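*Asks:* Take a look and give me a structure for this.
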Amino acid sequence: MARAVSPVVATVLLLALTVLAFSMIWEGVSSWISAQRGGMLQSIRERFVVEDVWFRVEAGDRTLVTVYIRNVGLADIEIDEISLNGTVMDMWVNGIRVDSVEIKVDAGVSIDLRADGWSWQPGAVYQMVIVTRGGVSTVVCKP
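*Replies:* Residues are numbered from 1 along each chain as shown. Purely as a prediction, here's the structure:
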């Protein structure tokens, strides 16, 4: 009888280690899936429209682009960067330079875009890339 106990104990220990290893792997995978799903749901809830774009010239021949963006999604959005044809633009709201712009649900904001040495040409087509925390949107516009 003493000889039969050793294989039984070894089998039980191996079974316990297998269950423990599987539960640790399962916990890691389920946490990763939850994190991925949360980020995806946030980006699905994030929607905005570019309602208007103005290409203007300020005093002293300085060019300015003003874009009006409205949040039509289910979550607040934060715009981190706007670029025109690959040039990252400085964002200005109400005359103050900002690094990012938060837009609440059902709200809109007018953002002035400037960059040193950058100017727009009448009739040219511009690709505007708007980078938010949830993703990227591209708009094509023409003065």
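*Asks:* Give the bridge partners for Gly135, please.
*Replies:* Residues found in beta-bridge contact with Gly135 (criterion: DSSP bridges) are Thr132.
*Asks:* What distance do you get for it to Ala35?
*Replies:* Here the criterion is Cβ to Cβ, to the nearest Å. By it, Gly135 lies 16 Å from Ala35. In short, each C-beta sits where N, CA and C put it, glycine included.
*Asks:* Looking at those two, which one has more neighbours?
*Replies:* Here Gly135 and Ala35 are set side by side on neighbour count (other Cβ atoms under 10 Å), and the busier one is Gly135, at 13 against 10.
*Asks:* isn't that one right up against Glu46?
*Replies:* Yes. Applying Cβ atoms under 8 Å as the test, Gly135 and Glu46 come out as touching, 7.0 Å apart.
*Asks:* Show me where the chain has its strands.
*Replies:* Remark: strands of the chain, listed N- to C-terminal, are 48-57, 63-71, 77-84, 87-88, 90-93, 96-98, 101-103, 108-114, 126-132, 135-141; assignment by DSSP state E.
*Asks:* For the fourth one, what does the pLDDT average out to?
*Replies:* Averaging the model's pLDDT scores along strand 87-88 yields 92.
*Asks:* Parallel or antiparallel, which strands does that strand pair with?
*Replies:* As defined by DSSP bridges, the strand partners of strand 87-88 come to strand 77-84 (antiparallel).
*Asks:* Kindly export the lowest-mean-pLDDT helix or strand in the chain (C-alpha atoms) in CSV.
*Replies:* Least confident helix or strand of the chain, by mean pLDDT, DSSP states H and E, is strand 135-141 with a mean of 75. As requested, the backbone C-alpha atoms of strand 135-141 are provided in CSV (Å, rounded to 0.1, in the frame of the first residue of the first chain):
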residue,chain,number,x,y,z
GLY,A,135,-7.6,57.4,-33.2
VAL,A,136,-7.0,59.4,-36.4
SER,A,137,-9.4,61.0,-38.9
THR,A,138,-8.5,62.5,-42.3
VAL,A,139,-10.3,65.3,-44.0
VAL,A,140,-9.5,66.7,-47.5
CYS,A,141,-10.1,70.4,-48.0
